[in-house]
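Participant: Need a 3D model of the following:
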Amino acid sequence: MNHWMQILATHYSRMQDCHDGRPLVILFDIDGTILDMRYMIHNVLKRFDEEHGTDHFGDVTIDDIDFHEEHVTGFLDRLNLSRDHQLKVLYRYEPLFLAMAADPYTHVPFSGVFDVIRWFQERPGTFVGLNTGRPETLRKDTLVSLNVLGARKGVAFTEDLLFMKPDSWDHTIASLKAEGVRYFQRKGYRVCAFIDNEPENLRAVADMDRSEEILLLHADTIFKSDHRIMPDHAVTGKVYDISALVSARNDTQRFTDNDGLLKRTA
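Facilitator: A predicted model of the protein is given here:
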């Protein structure tokens, strides 16, 4: 299979060729798609030790974090922590997690992801939107932390291109992601692609996009939903490679025919 970034670049070129006057938008999830959540989890566990003068996680490395942030209980079992110590960790885990979500210095982006985002932000008539399950209460903190992280790569995010979970939302996160796509469509954007690490979120968007115009990209990092529900036409990858985008974009310029369809002429 072709590299997922090459497929994204080819799909993007097709969408440009079929331009109907609406700006294009590439939608990214945040946690597990832009940000490597292993570092966040690791920092939360280390902070717990600092707060409580314990050493439960002194030997834990980033490579040991192979679980979703909501599945920390199983990891505590693997460390053979007593039930009493586990309860103390779990009591502080979520509050620490939410508090540290606002701190850009506890986050590490996946290698190359901001290069890819900048590449699209530099294309005319193209925007990058954020479609996240984070709550509205974290809107300001989310923008600040992402913009601090992205600044060195020339990436900036704006409030109007950020869709978050409304305070009144009482449905699943997967249905929220589909609503996020509709949000951008109502604002006049043509959604070119949606990148998320959760198969169930991609399934929800596939179910609303029967035309399959939206390219679905699965960031194969750490996820909690069943991989078997992934839409058949979703493309999986984990390496954000700007060279693949540039190369594929150059290749598509050699594809044409009289009707403007993509076709190799060489």
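Participant: C-alpha from now on. contacts and neighbour counts both.
Facilitator: Fine.
Participant: Can you give me the buried ones in the longest strand out of those in the chain?
Facilitator: When the chain is scanned for its longest strand (criterion: DSSP state E), the result is strand 126-135. For strand 126-135, burial by neighbour count (16 or more other C-alpha atoms under 10 Å) applies to T126, F127, V128, G129, L130, N131, T132, G133, R134.
Participant: Was I right to think the second one contacts R22?
Facilitator: No: between F127 and R22 no contact is recorded; they are 11.1 Å apart, counting by C-alpha atoms under 8 Å.
Participant: Any idea how many residues pack against D17?
Facilitator: By the measure other C-alpha atoms under 10 Å, the count of residues near D17 is 12.
Participant: One more: C18?
Facilitator: 11.
Participant: What does it show for phi and psi?
Facilitator: Here is the backbone geometry of C18 (degrees, to the nearest 10): phi -100, psi 30.
Participant: and R47, what helix or strand is that in?
Facilitator: R47 belongs to helix 37-52 when assigned by DSSP states H and E.
Participant: name the helices or strands packed onto that helix?
Facilitator: When contacts are defined as 3 or more C-alpha pairs under 8 Å, 6 or more residues apart in numbering; DSSP states H and E, helix 37-52 packs onto helix 83-100.
Participant: What pLDDT is listed against T265?
Facilitator: At T265 the predicted local distance difference test score is 31.
Participant: ok so, going back, tabulate the buried residues of strand 126-135 (JSON lines), appending pLDDT.
Facilitator: Output for these, formatted as JSON lines (pLDDT from 0 to 100):
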{"residue": "T126", "pLDDT": "96"}
{"residue": "F127", "pLDDT": "98"}
{"residue": "V128", "pLDDT": "98"}
{"residue": "G129", "pLDDT": "98"}
{"residue": "L130", "pLDDT": "98"}
{"residue": "N131", "pLDDT": "98"}
{"residue": "T132", "pLDDT": "97"}
{"residue": "G133", "pLDDT": "95"}
{"residue": "R134", "pLDDT": "93"}
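Participant: Serialize the residues you listed to a markdown table and add fields for distance to T33.
Facilitator: Formatted as a markdown table, the buried residues of strand 126-135 follow (distance: C-alpha to C-alpha, whole Å):
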| residue | distance to T33 |
| --- | --- |
| T126 | 20 |
| F127 | 17 |
| V128 | 14 |
| G129 | 13 |
| L130 | 11 |
| N131 | 11 |
| T132 | 10 |
| G133 | 12 |
| R134 | 13 |
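Participant: The closest residue to Y12 other than its chain neighbours in helix, strand or coil?
Facilitator: Distances taken as C-alpha to C-alpha, 6 or more residues apart in numbering place C192 nearest to Y12, at 6.6 Å, with adjacent residues excluded. Three-state call for C192 (DSSP: H, G, I helix; E, B strand; the rest coil): strand.
Participant: Pull the contacting residues for C192.
Facilitator: H11, Y12, M15, L24, V25, I26, L27, E213, I214, L215 (C-alpha atoms under 8 Å, 6 or more residues apart in numbering).
Participant: So which of those belong to strands?
Facilitator: Using DSSP E, L24, V25, I26, L27, L215 are the members of these that sit in strands.
Participant: Which strand residues bridge the fourth one?
Facilitator: Looking back up the chat, that one is L27. Bridge pairing for L27 (DSSP bridges) gives the partners G129, F194.
Participant: check contacts around it.
Facilitator: Per C-alpha under 8 Å, 6+ apart, neighbours of L27: V128, G129, L130, N131, V191, C192, A193, F194, I195.
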